[in-house]
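# predicted model, plus sequence, below.
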Amino acid sequence: MGLGAGHVLGTWFFEFVPAAKRGTWVVVFHCTWTFGTIFQALIAWAIMPVLGWRWLIALSSSPCFVLLIFYSVTPESPRYLCSRGRIADAKLILERIARMNNMSLPSGILIPQKVSDNGVDVETILPLITSQDSDATDMSISTKSSFTNAFRTLVSRSLIRSTLLLWFVYFAFSFAYYGIVLLTSELSNGERRCAPVGMPLRQQNDVRLYRDVLVTSIAEFPGLILAALLVDRVGRKLSMGGFILLCFAFIAPLAVPLGEGLATTLLFSARACIMGSYAVLYIYGPEIYPTSCRNTGVGVATSVGRIGGMVAPLIAVGLLENCHQKEAVFVFDTVLVLAAVACALFPLETKGCQIQ
């Protein structure tokens, strides 16, 4: 995951889920992130005071090796195989999936359709079509797409607006998500210069920090449940925009010093909303791209989002440690409002649509 494979897992899973249930199941899939976040908070609470951060990093990275066990039994994307001309391999995987679901494939052969738009290759896979010749041989297709060709598709006339908006929304969501996490730790830090008088001693403050991080991490579950209930009913754009505006409303009161209970409640609610919006974005991003550039499109957008995650500490930590809590909250809320506007400007609503 640390090598940049995180978005590939989501894109791969995305292609195996039927359109009618895609939103709900991808949100359920996203729950694994929340389980990991809570588990990480518990490990930090147990390990940091005793063994320090090096052991925490070592134990946190060890589950990544478990993924290697599942690599050999993980099926390749049939859409990807078709785009590479490996029709027989794609059909074998589809037949295996059909058997697991006590179903059978319709008669016919897989036909990759290649559409050219001003020199940009956009490939979509048509359904199985009826064929009179059951022994028809697989078509030989040469579709060697490169990153350059995929990127040209992302910035083509039909996708440039969606691509630019998606980059900004990924940046804003990542900026807000990690900003809320850091706000939680900073507002629980009694050693900063602007900490209220009477803040608990360091050892007690550490307990408060771990507790607040754990509580706000648990807040992601309500956000995911709401996202699962709404995404296939009200649509992707409205779900993302609504969650972001609610997150804005919960963060705004933190501009002034508040009591511990109220501040934790607001951070809990904001964390739930930003997680709900992130889960919906996790669905929407891959839906707007065709197979030929889907992984590249989501990968580039995720990379832009990582920039938001890197910038967040400069605001959440830098401003708060220099007694600029109001300014920090203003920056986060401004980014959230702009993200809500960007969600409204997306040209496509993909609820119930088949992926290309």
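Everything's here; your move.

# can you tell me what sits against stretch 165-181?
213, 216, 240, 244, 247, 251, 267, 270-271, 274-275, 277-278, 281, 285, 288, 297, 300-302, 304-309, 311-313, 315-316, 332, 335-336, 338-339, 342-343, 345-346 (Cβ atoms under 8 Å, 6 or more residues apart in numbering). From N, CA and C alone the C-beta is placed, and that goes for glycine too.

# look up phi and psi at Ile109.
Torsion angles at Ile109 (phi, psi; degrees, to the nearest 10) stand at phi -130, psi 160.

# residues near it, how many?
Neighbour count of Ile109, defined by other Cβ atoms under 10 Å: 16.

# where in this structure is pLDDT low?
Flagging of the chain using pLDDT under 70 yields the residue ranges 1-11, 14, 17-24, 26-27, 83, 111-147, 188-209, 212, 352-356.

# can you map out the strands along it?
Shown for the chain, the strands assigned by DSSP state E span residues 112-117, 120-125.

# and Val155, how close does it get to Ala340?
The gap separating Val155 from Ala340 is 24 Å, by Cβ to Cβ, to the nearest Å.

# the more surrounded of those two?
Ala340 (22 against 11).

# spatially nearest residue to the more buried one (excluding sequence neighbours)?
Ile244 (4.5 Å; Cβ to Cβ, 6 or more residues apart in numbering).

# and if you look at Leu246?
That would be Cys273: by Cβ to Cβ, 6+ apart, it lies 4.5 Å from Leu246.

# what is the neighbour count of the one you found?
The burial count for Cys273: 28, using other Cβ under 10 Å.

# same question, Glu220
Quick note: Glu220 (other Cβ under 10 Å) scores 25 neighbours.

# I'd guessed it sits against Thr37; true?
Yes: counting by Cβ atoms under 8 Å, Thr37 is a contact partner of Glu220 at 6.5 Å.

# so how far is Ala252 from the most centrally placed residue in the chain?
Per Cα atoms, centre = their mean, the C-alpha nearest to the average position across the chain is that of Tyr282, at 3.9 Å. For Tyr282, the distance to Ala252 (Cβ to Cβ) stands at 26 Å.

# go on, Ile180?
According to Cβ to Cβ, Ile180 stands 13 Å off from Ala252.

# neighbour count: those two, which is higher?
Ile180 (26 against 16).

# okay, that one and Ala150: tell me how far apart.
Counting by Cβ to Cβ, the gap from Ile180 to Ala150 is 33 Å.

# which helices and strands sit right next to the lengthiest helix in the chain?
Using DSSP state H to define each element, the chain has its longest helix at helix 22-51. With contacts taken as 3 or more Cβ pairs under 8 Å, 6 or more residues apart in numbering; DSSP states H and E, helix 22-51 sits against helix 6-14, helix 53-61, helix 202-218, helix 220-230, helix 260-287.

# next up, the contacts around the closest residue to Leu226 other than its chain neighbours.
Leaving aside its sequence neighbours, Leu226 sits nearest to Gly276 (Cβ to Cβ, 6+ apart; 5.3 Å). Under the criterion of Cβ under 8 Å, 6+ apart, the neighbours of Gly276 are Gly223, Leu224, Leu226, Ala227, Ser239, Phe243.
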